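K.L.:
My questions are about this predicted structure, shown below with the sequence.
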Amino acid sequence: MTDDGTTTDAATGTLGYEQARDELIEVVRRLEAGGTTLEESLALWERGEELAKVCRHWLEGARARLDAALARPEEPSEAGGDAE
């Protein structure tokens, strides 16, 4: 963790969606609250940008997985059927 309470860049790549989202919420809360120096505000802004990128990456991956699942043809069920 850095002096302003944010994690380092190296940890960004290992964050899950929920972790990145929660940290981003905290960054935004701190920026909106004010009371930080210009340098701290810039560091928080940069961290927020990194976290938003992580969240976008996860959401794009989820969208791709959903699209792939929806594009697959439905397989006939083995249990129910029209056996005569």
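P.N.:
Now that the structure is in, tell me what you want to look at.
K.L.:
And the most centrally placed residue in the chain, which helix or strand is it part of?
P.N.:
Centroid-nearest residue in the chain, with Cα atoms, centre = their mean: residue 55, separated by 2.2 Å. Under the criterion of DSSP states H and E, residue 55 resides in helix 38-71.
K.L.:
buried ones in stretch 47-59?
P.N.:
With burial defined by 16 or more other Cβ atoms under 10 Å, the residues of stretch 47-59 counted as buried are 47-48, 50-51, 54-55, 58. (C-beta placed from N, C-alpha, C; glycine too.)
K.L.:
Look at residue 15 and give its secondary structure.
P.N.:
coil (DSSP: H, G, I helix; E, B strand; the rest coil).
K.L.:
hang on, the earlier thing: show me how far the helix holding residue 55 is from its chain's centre.
P.N.:
Centroid separation for helix 38-71 versus its chain: 5 Å, with Cα atoms, centre = their mean, to the nearest Å.
K.L.:
Output the contacting helices and strands for it.
P.N.:
For helix 38-71, the packing partners by 3 or more Cβ pairs under 8 Å, 6 or more residues apart in numbering; DSSP states H and E come out as helix 9-12, helix 17-33.
K.L.:
just the angle between the last one and helix 38-71, please?
P.N.:
Put simply, helix 17-33 runs at 150 degrees to helix 38-71, going by axes from the mean of the first three to the mean of the last three Cα atoms, to 10 degrees.
K.L.:
what distance separates helix 17-33 from the middle of the whole chain?
P.N.:
Worked out by Cα atoms, centre = their mean, helix 17-33 lies 11 Å from the chain centre.
K.L.:
what comes up buried for that helix?
P.N.:
19-21, 23-24, 26-27, 30.
K.L.:
Using CSV, write down the CA coordinates of that helix.
P.N.:
C-alpha atoms of helix 17-33 as CSV (Å, rounded to 0.1, in the frame of the first residue of the first chain):
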residue,chain,number,x,y,z
TYR,A,17,-13.8,-7.4,-10.2
GLU,A,18,-15.4,-7.0,-6.8
GLN,A,19,-12.1,-5.9,-5.2
ALA,A,20,-11.4,-3.4,-8.0
ARG,A,21,-15.0,-2.0,-7.8
ASP,A,22,-14.9,-1.7,-4.0
GLU,A,23,-11.5,0.1,-4.1
LEU,A,24,-12.7,2.4,-6.9
ILE,A,25,-15.7,3.3,-4.8
GLU,A,26,-13.4,4.2,-1.9
VAL,A,27,-11.1,6.3,-4.2
VAL,A,28,-14.2,8.2,-5.5
ARG,A,29,-15.4,8.8,-2.0
ARG,A,30,-12.0,10.2,-0.9
LEU,A,31,-11.9,12.5,-4.0
GLU,A,32,-15.4,13.7,-3.4
ALA,A,33,-14.7,14.4,0.3
